[in-house]
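# Whatever this is, show me its structure:
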Amino acid sequence: MQSCDQRYTIVFNGEIYNYLELRSELQSLGHQFQSSGDSEVLLAAYRQWGEGCLQRLNGMWAFVIHDAVTQTLFGSRDRFGIKPLYRYQDSSCVLFASEIKALRASGLYKDRLNPRVCATYLHEGRLDESEETFFEGITQLPAGFAFRLTDRGVYEQWSFWSMEGIAAQHMADPAQAFAQSFEDAMRLHMRSDVPIAVNLSGGLDSTAIICAAARQNAAAGSAAPLMAFSYMDARFDERRYIQDTLALTGAQVVPLKLSPRQLWDSLPSMLAFQDEPVHTMTALIGFHLMGLAQQHGVKVVLNGQGADETIAGYGSYFHDYWYELARAGRFGRVWQQIGAFAQGHGVAASGLLLRTFKHVVQTSLRAWPAYRAAALRRRRASQAKTDWLAPELAAYLPDTDEPYGMALQDTLNRSVKRSPLPLYLRIEDRNSMAHSVEARVPFLDYRLVSLLCSMPSQYKLDGPWNKHVMRQGLEGKIPESVRTRVDKMGFPTSASDWFKAELREPLQDLVASQALREHEWLRAPALQRRLQAHLQGQGNHAGPLFAAAQFLIWQQGLASGKQSVQ
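All right, here's what the predicted structure looks like:
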């Protein structure tokens, strides 16, 4: 879209949820609009406020604006990297795109694998933790960053927003503050001229979203029932919680019914849309849930991504909280919290206490460069002995191991910025876009995240409860069975069992294939041994088997779509 004076041209991917408020403000400043959408509002916001427009935006975006007068490009990616923006630059060109495949198809980029990223994934299972991608020279603009590019090829980028700058503060009623902020986030995220649905598990996050959506619809006088898409694995039965939610909201559930073999057979297609490997077969569930939404004419789906990383939803966060208390010398509080957790989860408190103090010692030692260097050498030596990978691959692993804060908020900040949220957002965006469905994540409304960052740790974790402030704020607004459950599932799969049964044959074919025998980094004999051990119940080898299988399938997909990367 071009501005009315044709000076500025924007290319934009995403949604600005507060565009109506911005439009009204800009009109009061003299701007006139020819359209009713958010693209023209974003362009006008840049004309009015320049780079300062970013602080006013609430949404998900990746955009580039060309200034015909100064011959410069200005661009940005939203605060959490919900929308992608890739870049490649050499001495003759600079390329930007929302997908890696677009850069590869330009004819200006020569394919070559990035061995550092490949090694990090195959050895350590880590994905999307840096600007680098699986393709050498192609990088991502980091979340919460902006950039400027001159006509002489001078490129600079900078951060315009960060969780680290948000200070903790006391609140009179944190539960009420959370409830109000979450409700307003839902209000903005439900702005749409097409029907909105929800991907529903039996967990706290998706339940909170669908219940809030039902309240919003009721307040607006909408009689149309909400639609929910759900996947239920027989081993992880959450039907009780889902039924309680449906009874409260009147939503209509559409179950995803696919066999393990159907899921596996769709892996090449999903990887083609993803452009890069994924973490587990759970990514396939998300892929097909978005396909199910498309089949039912749904264009916008609300999901719960971001809640775990901002309200402390993972079990590992309890250890960070107890560590934080122990470092502050609050040992009575540590014992009280561990005791309540142990009672709520049916585990021994003594073991948790021992692990907490071990955590304190190890973290203190990590402050010493000599200790980190020795630990890194031990880890590298162990990784070089991984039987199913070529020993030389370990040489490409990053050799940095910097100290970092281990208080709960430090860990949450890393979870949002580095792992696991960037991976989950990448997978969800590509899965949804593959089916022309827009995935929205109201828990990543920056106002809600800022509020949560400012809350002291005890509001997030308390005794056996994760997401404590959320549970308090939603009392009476979601089913009590969901609000008070202490276990966590999400959309799990039974990949380990499937590899022994329904997926046994395709795995056996793959580990016996010529492509695997000739692979530069994967070792077929070791993978054959691991598969045999897995089939005989001698350990769970599903992780390396899936990693090797999908890495090979991904590379084969690259070769079939274009000449193989070097």
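# quick one, strands of this protein?
8-16, 59-67, 72-77, 86-89, 94-97, 138-140, 145-149, 155-159, 196-199, 227-230, 252-255, 300-302, 438-440 (DSSP state E).
# Let's have the ones you listed in TSV, adding mean pLDDT.
TSV is the format used below for the strands of the chain (pLDDT from 0 to 100):
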stretch	mean pLDDT
strand 8-16	97
strand 59-67	98
strand 72-77	98
strand 86-89	97
strand 94-97	96
strand 138-140	98
strand 145-149	98
strand 155-159	97
strand 196-199	95
strand 227-230	96
strand 252-255	95
strand 300-302	98
strand 438-440	98
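# Can you lay out the ones you listed as TSV showing distance to M190 and mean neighbour count?
For every residue, glycine as well, the C-beta is placed using N, CA and C. Converted to TSV, these look like this (distance: least, C-beta to C-beta, whole Å; neighbours: other C-beta atoms under 10 Å):
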stretch	distance to M190	mean neighbour count
strand 8-16	12	19
strand 59-67	13	21
strand 72-77	24	22
strand 86-89	30	20
strand 94-97	30	18
strand 138-140	29	21
strand 145-149	28	19
strand 155-159	30	13
strand 196-199	6	26
strand 227-230	14	22
strand 252-255	17	15
strand 300-302	8	24
strand 438-440	8	23
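# Let me have those in a markdown table, adding distance to L354 as columns.
Shown next, in a markdown table, are the strands of the chain (distance: least, C-beta to C-beta, whole Å):
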| stretch | distance to L354 |
| --- | --- |
| strand 8-16 | 47 |
| strand 59-67 | 43 |
| strand 72-77 | 43 |
| strand 86-89 | 46 |
| strand 94-97 | 50 |
| strand 138-140 | 40 |
| strand 145-149 | 42 |
| strand 155-159 | 40 |
| strand 196-199 | 39 |
| strand 227-230 | 40 |
| strand 252-255 | 43 |
| strand 300-302 | 42 |
| strand 438-440 | 42 |
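# Tell me which of the ones you listed lies nearest to L263.
strand 252-255 (14.5 Å; C-beta to C-beta).
# Tell me which other helices or strands the closest one touches.
Judged by 3 or more C-beta pairs under 8 Å, 6 or more residues apart in numbering; DSSP states H and E, strand 252-255 is in contact with strand 227-230, helix 239-249.
# Give the closest residue to I82 in space, chain neighbours not counted.
Nearest in space to I82, with sequence neighbours left out and distances taken as C-beta to C-beta, 6 or more residues apart in numbering, is M60 at 3.7 Å.
# ok, now how distant is the one you found from D497?
According to C-beta to C-beta, to the nearest Å, M60 and D497 sit 36 Å apart.
# Please apply the same query to A348.
A348 sits 29 Å away from D497, going by C-beta to C-beta.
# These two - which one has more neighbours?
Using other C-beta atoms under 10 Å as the criterion, A348 and D497 rank with D497 on top: 16 against 10.
# Contacts only, for that one.
Contacts for D497 (C-beta atoms under 8 Å, 6 or more residues apart in numbering) come out as R235.
# quick one: it and L256, what's the gap?
For D497, the distance to L256 - C-beta to C-beta - is 18 Å.
# Any stretches of the stretch 401-550 of the chain with poor pLDDT?
Within the stretch 401-550 of the chain, the segments meeting pLDDT under 70 span 401-403, 489-493.
# go again using 90 as the cut-off
The stretch 401-550 of the chain contains residues with pLDDT under 90 at 401-407, 486-494.
# for it, what spans make up the helices?
Using DSSP state H, counting those that start in this stretch, the helices of the stretch 401-550 of the chain run over 408-417, 421-433, 446-453, 468-473, 480-483, 495-498, 504-511, 514-517, 524-535, 542-561.
# So which bits of the third one are buried?
So that's helix 446-453. Y446, L448, V449, S450, L451, L452, C453 (16 or more other C-beta atoms under 10 Å).
# What of the fifth one?
For helix 480-483, a neighbour-count test (16+ other C-beta under 10 Å) marks V482, R483 as buried.
# and that helix, what does it pack onto?
Packed next to helix 480-483, using 3+ C-beta pairs under 8 Å, 6+ apart, are helix 204-219, helix 239-249.
# hey, C-alpha coordinates of it in PDB?
Taking C-alpha atoms only, helix 480-483 is exported to PDB below (Å, rounded to 0.1, in the frame of the first residue of the first chain):
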ATOM      1  CA  GLU A 480     -13.600 -25.200  38.700                       C
ATOM      2  CA  SER A 481     -12.400 -28.600  37.600                       C
ATOM      3  CA  VAL A 482     -10.000 -26.800  35.200                       C
ATOM      4  CA  ARG A 483      -9.100 -24.000  37.500                       C
END
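# Return the distance of that helix from the chain's centre.
25 Å (C-alpha atoms, centre = their mean, to the nearest Å).
# Show me what it is in contact with.
Contacts for helix 480-483 (C-beta under 8 Å, 6+ apart): G202, G203, L204, T207, R240, Y241, D244, T245, R471, L474, E475.
# ok, of these, which one's closest to R378?
G203 (37.4 Å).
# give the contact list for the nearest residue to G463 once chain neighbours are set aside.
Leaving aside its sequence neighbours, G463 sits nearest to A340 (C-beta to C-beta, 6+ apart; 3.2 Å). With contact taken as C-beta under 8 Å, 6+ apart, A340 is in contact with D462, G463, P464.
# circling back to that earlier point, which members of the contacts of helix 480-483 are classed as buried?
By 16+ other C-beta under 10 Å, those give G202, G203, L204, T207, Y241, D244, T245, R471, L474 as buried.
# Is it possible to get TSV of those that adds distance to T484?
Written out in TSV, the entries for the buried ones among the contacts of helix 480-483 read as follows (distance: C-beta to C-beta, whole Å):
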residue	distance to T484
G202	13
G203	13
L204	10
T207	12
Y241	11
D244	11
T245	14
R471	7
L474	11
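# Any figure for the gap between the residue nearest the centre of the chain and H66?
Nearest to the mean C-alpha position of the chain, by C-alpha atoms, centre = their mean, lies Y424 at 2.4 Å. Distance check for Y424 against H66: by C-beta to C-beta, it reads 32 Å.
# V198 now?
In this view, V198 and H66 are 38 Å apart by C-beta to C-beta.
# just to revisit the earlier point, among the helices and strands packed on helix 480-483, which is the most enclosed?
helix 204-219 (a mean of 22; mean count of other C-beta atoms under 10 Å).
# Which elements pack onto that one?
Against helix 204-219 (3+ C-beta pairs under 8 Å, 6+ apart) you get helix 174-189, strand 196-199, helix 239-249, strand 300-302, helix 307-311, helix 468-473, helix 480-483.
# Could you provide these in JSON lines, with additional columns for distance to A374?
Formatted as JSON lines, the helices and strands packed on helix 204-219 follow (distance: least, C-beta to C-beta, whole Å):
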{"stretch": "helix 174-189", "distance to A374": "42"}
{"stretch": "strand 196-199", "distance to A374": "45"}
{"stretch": "helix 239-249", "distance to A374": "47"}
{"stretch": "strand 300-302", "distance to A374": "47"}
{"stretch": "helix 307-311", "distance to A374": "31"}
{"stretch": "helix 468-473", "distance to A374": "38"}
{"stretch": "helix 480-483", "distance to A374": "46"}
